[in-house]
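Q: Provided below for reference: sequence and predicted model.
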Amino acid sequence: MRSAPSFAATGAEIVSTGLDILQVNVGYRCNMACKHCHVSAGPDRTEMMSSETVDHVLSALAASPITTLDITGGAPELNPGFRHLIVSARSLGKHVMVRCNLTILFETGMEWLPGFYRQEQLEIIASLPACLGPDVDRVRGDGAFAKSIEALRRLNDLGYGSGGSDRPLHLVYNPRGAYLPPAQCSLEAEYKRMLRERYDITFDRLLTLANMPIGRFGDFLRSSNNYASYVQKLAAAFNPDTLEGVMCRRLISVKWDGTLYDCDFNQVLCLPLEGDCPRHIAEFDYDCLKNRAIAVGDHCFGCTAGQGSSCGGAIER
Amino acid sequence: MSDYYKSEDLARFAEVGENGPELFKKFMAWYQAALEPGLLTKREKVLIGLAVAHSVQCPYCIDAYTKSCLEEGMGMEHMTEAVHVASAIRGGATLIHALQAKNAADKISL
């Protein structure tokens, strides 16, 4: 029996090279329960960022040269402070990205969302793990594909995804099982062809991300007896050239309760920041955090396997 | 015979080279070169591989190329279309041989 692969054994040390992005997870509640979700988000989750913590986030943004607010969840739109967070961040001159599941646009009381996205010139990162209905619905639930297509049409109608820099719309591909993603550029071309020909939909970029062996995807790996082989596969594909581009070098992650982490994955694993920097958004210290050693673990193979994957997609293109 | 094909044997493929290393080495070099992207993309090549795997009914190749197709972002609908192409060619190849039977029958018939 092979021993479990160790990221520490690679000798990789990751140090942040500045801090451009504040990634804020505003809560784990979601209208969906996708099988690949690394935070195990779903309708039954109750963890939500409070208005007080949202204000701490805004204070940190106001007091730092961070350029981008990256909002994730759960479905971030379900947080009551979502609108306030975005309007305030935009008034501070920050670029705002929202990781949107698309189907949230059809939840009761959410009709205002597309217009709001446009008004605030948000960058939208939307999950679409396949271009065919059965493949998407198997991962994200029945009816998810049809709603996603309709949501993309609405966003296209508002000018999103047409190549203009003020309304960027990017899609995210995750493998639908225990394997790595394909080359981002070739799959992007196929997505663009399929979505244009079949649904008359356009988008800007496809981001291919490997699934982390944690959360609900980790549960699937264990229950299907794929955990060990998947982790071995990630480790066997370790590519040191990706270390320069991993997102944790430019980002700090804020959990719904305000705790700071190096990334959303460390947040789920409760792997704390290393060093002496304050670990809560209420005590945010930009200068301390901008050149910190990143806390790593064996899950880091997930971002450094093959072409690499980060919140911005493949690292090597 | 139910254990005639064992999935773990796929990982032992290199053992075939033990009794003919030079030929095996040449085969592997040719095999890898044939699968490299060229005018056809990797995606197209693995889909051809899957179709041929079904046509020659090699369980190792079916396993391997199903995984390759998934890794290229394709799903069961893509793969099923490819298998239908392989099946159609096999079916057509069987059917067109009815002409051989017709020719043979014509030769000896009144």
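A: Okay, I see it. The structure displayed is predicted, hence computed values, not measured ones.

Q: Contact partners for the residue in chain B positioned nearest to chain A?
A: Chain A sits closest to B:Gly75 of chain B, with a gap of 4.0 Å, by CB to the nearest CB. (C-beta placed from N, C-alpha, C; glycine too.) B:Gly75 sits next to A:Ala130, A:Leu132, A:Pro134, A:Asp135, A:Arg176 when contact means CB atoms under 8 Å, 6 or more residues apart in numbering or on different chains.

Q: and if we set it to 10 Å?
A: B:Gly75 makes contact with A:Pro129, A:Ala130, A:Cys131, A:Leu132, A:Pro134, A:Asp135, A:Val136, A:Arg138, A:Arg176, A:Gly177, B:Cys69, according to CB atoms under 10 Å, 6 or more residues apart in numbering or on different chains.

Q: what about the strands in chain B?
A: Under the criterion DSSP state E, chain B carries no strands.

Q: At the contact with chain A, which residues of it appear?
A: Contact residues, chain B versus chain A (CB under 10 Å from any CB of the partner chain): B:37, B:41-43, B:46, B:67-78.

Q: re the thing from before, just the buried members of the contacts of B:Gly75?
A: A:Pro129, A:Ala130, A:Cys131, A:Leu132, A:Asp135, A:Val136, A:Arg138, A:Arg176, A:Gly177, B:Cys69 (16 or more other CB atoms under 10 Å in any protein chain shown).

Q: average pLDDT for the helix or strand containing A:Leu207?
A: A:Leu207 belongs to strand A:205-208 when assigned by DSSP states H and E. Averaged over strand A:205-208, pLDDT sits at 95.

Q: For it, which strands pair with it and how are they oriented?
A: Its sheet considered, strand A:205-208 pairs with strand A:169-173 (parallel) by DSSP bridges.

Q: Give me the next element, helix or strand, following the partner strand.
A: Heading C-terminal from strand A:169-173 (DSSP H and E), you reach helix A:184-199.

Q: For chain B, tell me whether that next one is touching it.
A: Yes: under the criterion of CB under 10 Å from any CB, chain B is reached by helix A:184-199 at A:Gln184, A:Ser186, A:Leu187, A:Glu188, A:Ala189, A:Glu190, A:Tyr191.

Q: Stretch A:300-317: which residues count as buried?
A: With the criterion 16+ other CB under 10 Å, stretch A:300-317 contains buried residues A:300-315.

Q: Send me that stretch as CSV with only the CA atoms.
A: Extracted in CSV, the C-alpha atoms of stretch A:300-317 (Å, rounded to 0.1, in the frame of the first residue of the first chain):
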residue,chain,number,x,y,z
CYS,A,300,-2.2,22.2,-1.8
PHE,A,301,-1.6,19.5,-4.5
GLY,A,302,-5.1,20.5,-5.7
CYS,A,303,-3.8,24.0,-6.8
THR,A,304,-0.5,22.8,-8.1
ALA,A,305,-1.3,19.7,-10.1
GLY,A,306,-0.9,19.7,-13.9
GLN,A,307,-1.6,23.1,-15.3
GLY,A,308,-2.4,24.3,-11.8
SER,A,309,-5.6,25.8,-10.7
SER,A,310,-6.5,28.9,-8.7
CYS,A,311,-9.5,31.1,-8.2
GLY,A,312,-8.5,32.6,-11.6
GLY,A,313,-8.4,29.3,-13.4
ALA,A,314,-5.4,27.5,-14.8
ILE,A,315,-2.1,28.9,-13.8
GLU,A,316,-0.1,27.7,-16.8
ARG,A,317,-2.0,28.3,-20.0
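
Q: Around chain B, which positions in the stretch 101-250 of chain A sit nearby?
A: Residues of the stretch 101-250 of chain A lying near chain B (CB under 10 Å from any CB): A:129-136, A:138, A:173, A:175-184, A:186-191, A:206, A:208.

Q: try it again with 8 Å
A: Residues of the stretch 101-250 of chain A lying close to chain B (CB under 8 Å from any CB of the partner chain) are A:130, A:132, A:134-135, A:173, A:175-177, A:179-183, A:186-187, A:190.

Q: right, and out of these, which lies closest to A:Gln23?
A: Checking those against A:Gln23 by CB to CB gives A:Tyr173 as the nearest, at 19.7 Å.

Q: contacting residues around that closest one?
A: Counted by CB under 8 Å, 6+ apart, A:Tyr173 has contacts A:Leu128, A:Pro129, A:Ala130, A:Pro181, A:Leu187, A:Tyr191, A:Leu206, A:Leu207, A:Thr208, A:Leu209, B:Gly73.

Q: Using CSV, please lay out the buried ones among the contacts of B:Gly75 together with distance to A:Cys270 and pLDDT.
A: As requested, those are arranged in CSV below (distance: CB to CB, whole Å; pLDDT from 0 to 100):
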residue, distance to A:Cys270, pLDDT
A:Pro129, 27, 94
A:Ala130, 32, 95
A:Cys131, 36, 94
A:Leu132, 37, 93
A:Asp135, 33, 94
A:Val136, 31, 96
A:Arg138, 30, 95
A:Arg176, 28, 94
A:Gly177, 27, 95
B:Cys69, 37, 97
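
Q: So which residues of the stretch 51-200 of chain A form strands?
A: Secondary structure of the stretch 51-200 of chain A (DSSP state E, counting those that start in this stretch): strands at A:68-72, A:95-100, A:123-127, A:169-173.

Q: Which among those is found nearest to A:Arg279?
A: Across the strands of the stretch 51-200 of chain A, closest to A:Arg279 is strand A:68-72 (CB to CB), at 19.3 Å.
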